[in-house]
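J.: Attaching a predicted model along with its sequence, questions to come.
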Amino acid sequence: MSYASAPAQEQTRALHGGGHALGETVEQFYSKESVGSVFSACQARDWKAVSRLSKSLDPSSKTSPRDICAAGALLKQHAASGARLELKGSGDKETQRADTFTFDGGHLVKIDMVYSASAIDFEGVHPKSFAGLLAGLQEAYGEPTKSYTETVLNAYGVKYEAHRAVWTGEKDAISIIEQPGENGWTEIIAQTIGEFDRAAKAPKAANPLQ
């Protein structure tokens, strides 16, 4: 995630993640990063380039270039029409990050980035820790509006104290969520304040510890 240079107390800030900016239009989204490269190759009917680019994003994909282009065009059409839609991004192999982008009303309203907490660190792969990601957010935005810990279970039923922090502004909110332990992860969410309020009002999943 890249951070705005504006002081933390300012309400207007540009939030970027996965190569995209919160609030950008569908057209802007489809002109950037790997999504833009694939879409340009589709428009040029360069099937070899489409195949090469799609393989770099998903080596296991068996989908034909023409089907990739048709599916991408349909998703773009739905997003441009104002429909609510989630799209998977290419992520980042080096930091072991997976991206998900949410559109609503023709604009990007949520950027969700999940970083693997793997302890493996070798050439070309350098996972980011919760502490490192939190420090980056604090440097950019100051102390969070709210921070707390929550008891959670990992995949093996082991209890951990997980950290949470939220920075809220007039127009947007940033959250960082920790899932500690083996096969853990850290999630950073940048979203409009409308999305933040929507999530706060959604029914909560039952806590197995209660």
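T.: Cool, the structure landed.

J.: Might you report the residue contacts of Leu15?
T.: 4, 21-22, 111, 172, 174, 190 (CB atoms under 8 Å, 6 or more residues apart in numbering). For every residue, glycine as well, the C-beta is placed using N, CA and C.

J.: now those: which count as buried?
T.: 21-22, 111, 172, 174, 190 (16 or more other CB atoms under 10 Å).

J.: Work out the gap between the one helix or strand Arg198 maps to and the centre of the chain.
T.: According to DSSP states H and E, Arg198 maps onto helix 193-201. In this view, helix 193-201 has its centroid 16 Å away from the chain centroid, taken as CA atoms, centre = their mean, to the nearest Å.

J.: Tell me which other helices or strands that helix touches.
T.: Where contact means 3 or more CB pairs under 8 Å, 6 or more residues apart in numbering; DSSP states H and E, helix 193-201 is packed against strand 107-116, strand 172-179.

J.: hmm, back to that, greatest separation within the buried ones among the contacts of Leu15: which pair is it?
T.: Ala21 and Ile174 (13.5 Å; CB to CB).

J.: Which helix in the protein has the most residues?
T.: Determined from DSSP state H, the single longest helix within the chain is helix 65-80.

J.: Can you point out the buried residues in the next helix or strand after that one?
T.: Moving toward the C-terminus from helix 65-80, the next helix or strand (DSSP H and E) is strand 85-88. By neighbour count on 16+ other CB under 10 Å, the buried set for strand 85-88 is 85, 87.

J.: which residues sit against strand 85-88?
T.: 35, 75, 78-79, 98-104.

J.: Could you list which of the residues you listed belong to helices?
T.: Reading helices off the contacts of strand 85-88 with DSSP H, I get 35, 75, 78-79.

J.: Just the buried residues out of those, in PyMOL syntax.
T.: Only the buried members of these enter the following PyMOL selection, criterion being 16+ other CB under 10 Å:
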select buried, resi 35+75+79
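
J.: Adding distance to Pro59, write the ones in helices among the contacts of strand 85-88 out as CSV.
T.: Output for the ones in helices among the contacts of strand 85-88, formatted as CSV (distance: CB to CB, whole Å):
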residue, distance to Pro59
Val35, 18
Leu75, 21
His78, 27
Ala79, 26
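
J.: Next, give me the two most distant ones among the ones in helices among the contacts of strand 85-88.
T.: Across the ones in helices among the contacts of strand 85-88, the longest distance by CB to CB is 14.6 Å; it joins Val35 and His78.

J.: so how far is the longest helix of the chain off the chain centroid?
T.: Computed by CA atoms, centre = their mean, the chain-centroid distance of helix 65-80 equals 20 Å.

J.: tell me the mean pLDDT for it?
T.: Mean pLDDT, helix 65-80: 92.

J.: could you give the angle of it to strand 107-116?
T.: 120 degrees (axes from the mean of the first three to the mean of the last three CA atoms, to 10 degrees).

J.: contacts for helix 65-80?
T.: By CB under 8 Å, 6+ apart, helix 65-80 touches 26-27, 29-30, 35, 38-39, 42, 47-48, 50-51, 54, 61, 63, 85, 87, 103, 106.

J.: hmm, try it at 6 Å
T.: For helix 65-80, the surrounding residues in contact (CB atoms under 6 Å, 6 or more residues apart in numbering) are 26, 30, 42, 47, 50-51, 54, 85, 103, 106.
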